[in-house]
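**Student:** One predicted model, sequence on top.
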Amino acid sequence: MKANWIVVAAAVAAASAQAATGWEDNFEKALQRAEKEDKYVLVDFSGSDWCGWCIKLDDEVFSKKAFKEYAKESLVLVLLDFPRWKELPKATREQNEALLKKYGVRGFPTVLLLSPKGEVAGRTGYRPGGPEAYVQHIKEMIEAHKAKGGGAK
């Protein structure tokens with residue numbers, strides 16, 4: 001039982017750290033910023049305090065310097081969280097549920113990449129290989145989307 005509480009505490013700390021490092025929780029605000037700055041939006045649908053793969057993705061990719069540096073320059077980050085042990089404000093819960101349905105999310109983590117115009121440019125999740133490989137994967141999704149004529153103002 002004690003080990004479970006340690007895992008929960010670590011997950012909550014990770015979620016708090018994620019929010020404090022440039023992750024937006026207001027989807028509309030993030031879309032407006034992305035359009036203004038001409039950046040893609042990375043949307044992380046996460047169960048931050050219970051989903052093992054979500055925690056692993058944060059630990060292995062999102063919390064690492066290589067990802068943070070790329071994201072700061074190239075992305076607007078959005079965390080849509082579905083915690084079990086942490087209470088979210090009602091408006092945030094309602095927003096997250098609506099977006100879960102809108103984008104047909106069926107599992108966690110689901111990571112969407114949206115263009116500056118809000119078009120879905122890609123969908124992914126946890127991938128092994130660390131932050132450099134994940135950044136490369138995101139870049140490939142962006143390039144494929146642009147090659148199809150998407151994303152540009």
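**Tutor:** Perfect, I can see it now. None of the values given here were measured: they were computed from a predicted structure. Residues are numbered from 1 along each chain as shown.
**Student:** Torsion angles phi and psi at the residue nearest the centre of the chain?
**Tutor:** Central residue of the chain (CA atoms, centre = their mean): residue 44, 2.2 Å from the mean position. When quoted as degrees, to the nearest 10, the phi and psi of residue 44 stand at phi -100, psi 110.
**Student:** Which residues are in contact with it?
**Tutor:** If you count contacts by CB atoms under 8 Å, 6 or more residues apart in numbering, residue 44 has them with 23, 54, 57, 62, 77-80, 109, 111. (C-beta placed from N, C-alpha, C; glycine too.)
**Student:** Looking at those, which are in helices?
**Tutor:** For those, membership in helices holds for 54, 57, with DSSP state H as the criterion.
**Student:** Show me where the protein has its helices.
**Tutor:** Under DSSP H, the chain gives helices at 2-20, 27-37, 52-57, 65-74, 90-102, 130-147.
**Student:** Quick one: closest of the ones you listed to residue 84.
**Tutor:** Proximity to residue 84 (CB to CB) singles out helix 2-20 among the helices of the chain, at 8.9 Å.
**Student:** Quick check: mean pLDDT of the closest one?
**Tutor:** Averaging pLDDT along helix 2-20 yields 45.
**Student:** neighbouring contacts of stretch 70-84?
**Tutor:** Counting contacts by CB under 8 Å, 6+ apart, the residues touching stretch 70-84 from outside are 12, 15, 18-19, 22-25, 27, 30-31, 33-34, 37, 39-50, 88, 92, 95-96, 99-100, 108, 135, 138.
**Student:** let's see it at 6 Å
**Tutor:** 18, 22-25, 27, 30, 33-34, 39-50, 96, 99, 135 (CB atoms under 6 Å, 6 or more residues apart in numbering).
**Student:** Residue 115 touches residue 121, doesn't it?
**Tutor:** Yes - counting by CB atoms under 6 Å, residue 115 touches residue 121, with 5.0 Å between them.
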